[in-house]
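S.K.: Okay, predicted coordinates and the sequence, questions at the end:
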Amino acid sequence: MHQWFLPLLAFTTAAAIFTITPGLDSVMVLRTAASDGRRAGVGAIFGIAVGLSLWGLAAAFGLTALLAASSTAFFIVKCVGAVYLVWIGANQLLRPRMALTTEAGPEQARQVEHRNAFWPGFRRGMLTDLLNPKAGIFVITFFPQFIPPATDVVAFTLVQVVIQVVLTFIWLGLLVALTVPLAQFFNRPVVVRRLDRLTGLVFIAFGAKIFLTDSPSS
């Protein structure tokens with residue numbers, strides 16, 4: 001039996017539990033899929049996966065150690081991430097919409113908007129993940145616990161990144177699949193207003209939580 005099998009099995013089990021635990025990524029994907037459709041939701045998943053991959057690559061090559069070692073670097077990243085989330089949340093809280101999708105405009109324009117919805121979702125998902133320093137700290141503190149001794153750390157970490165990304169795709173993809181069929185319900189004006197305000201509060205809360213997070217070096 002390969003010496004990596006049991007450590008990777010343990011990592012996959014633990015990572016799966018963390019993945020399905022409700023958090024910022026789940027809220028972001030649900031909100032994006034409900035508001036802008038399946039393409040945008042899938043785009044958000046790909047953006048989150050890219051963000052996770054970049055954090056994982058940084059961890060593999062030691063770059064995220066900067067966040068753990070430097071209070072200044074950690075403070076800058078967490079402030080940018082907190083401001084970004086609070087800005088999104090405040091917009092949804094103060095300016096809730098009457099409908100999740102617009103019915104106005106030519107049919108061709110609506111089709112183009114729908115077709116291009118992938119990239120706004122992608123950008124939102126990637127920025128949400130990259131501007132969350134807790135994601136980087138999670139990678140550099142959680143992943144090494146499963147690395148066996150006398151192992152190529154970079155190679156093992158890269159395998160862990162692939163596993164985490166696959167788990168993320170599976171779980172968030174399931175959320176999108178369950179959300180999109182409910183689009184007609186979500187498109188009711190009263191539901192839209194309440195959904196916008198609720199998710200706005202959630203994003204603001206996540207932003208505050210990130211801002212109040214202490215640097216590991218402090």
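M.R.: That came through, no problem. Residues are numbered from 1 along each chain as shown.
S.K.: Quick check: which ranges of this structure have low pLDDT?
M.R.: Applying pLDDT under 70 to the chain flags residues 1, 22, 63-69, 97-115, 180, 182-187, 215-218.
S.K.: Please identify the buried residues of the longest helix along it?
M.R.: Taking DSSP state H as the criterion, the chain has its longest helix at helix 153-179. By neighbour count on 16 or more other Cβ atoms under 10 Å, the buried set for helix 153-179 is 156-161, 163-165, 167-169, 171-172, 175-176, 179. Just so you know, the C-beta spots here come from the backbone N, C-alpha and C atoms, and that holds for glycine as well.
S.K.: Please apply the same query to stretch 200-214.
M.R.: So for stretch 200-214, counting by 16+ other Cβ under 10 Å, buried means G200, V202, F203, I204, F206, G207, I210, T213.
S.K.: One more: stretch 23-37?
M.R.: Buried-residue list, stretch 23-37, by 16+ other Cβ under 10 Å: 24-37.
S.K.: give me every residue that touches the most centrally placed residue in the chain.
M.R.: For the chain, the residue nearest the mean C-alpha position is D25 (3.1 Å; Cα atoms, centre = their mean). Counting by Cβ atoms under 8 Å, 6 or more residues apart in numbering, D25 touches I48, G125, T128, D129, T168, L172.
S.K.: Okay, Q3 and A60: tell me how far apart.
M.R.: Q3 is 19 Å from A60, where distance means Cβ to Cβ, to the nearest Å.
S.K.: who has more neighbours, the two?
M.R.: A60 (21 against 11; other Cβ atoms under 10 Å).
S.K.: Wait, the more buried one touches V162, no?
M.R.: No - counting by Cβ atoms under 8 Å, A60 stays clear of V162, with 11.3 Å between them.
S.K.: Just the element for D25, please.
M.R.: Taking DSSP states H and E as the criterion, D25 maps to helix 24-36.
S.K.: can you check T72 too?
M.R.: Under DSSP H and E, the secondary-structure element containing T72 is helix 71-94.
S.K.: List the single closest residue to F61 in space, sequence neighbours excluded.
M.R.: Of all residues beyond its chain neighbours, the one nearest F61 is V154 (6.9 Å), with distances taken as Cβ to Cβ, 6 or more residues apart in numbering.
S.K.: in terms of contact, does that neighbour touch A60 like I think?
M.R.: Yes - look at V154 against A60 with Cβ under 8 Å: they come within range, at 4.9 Å.
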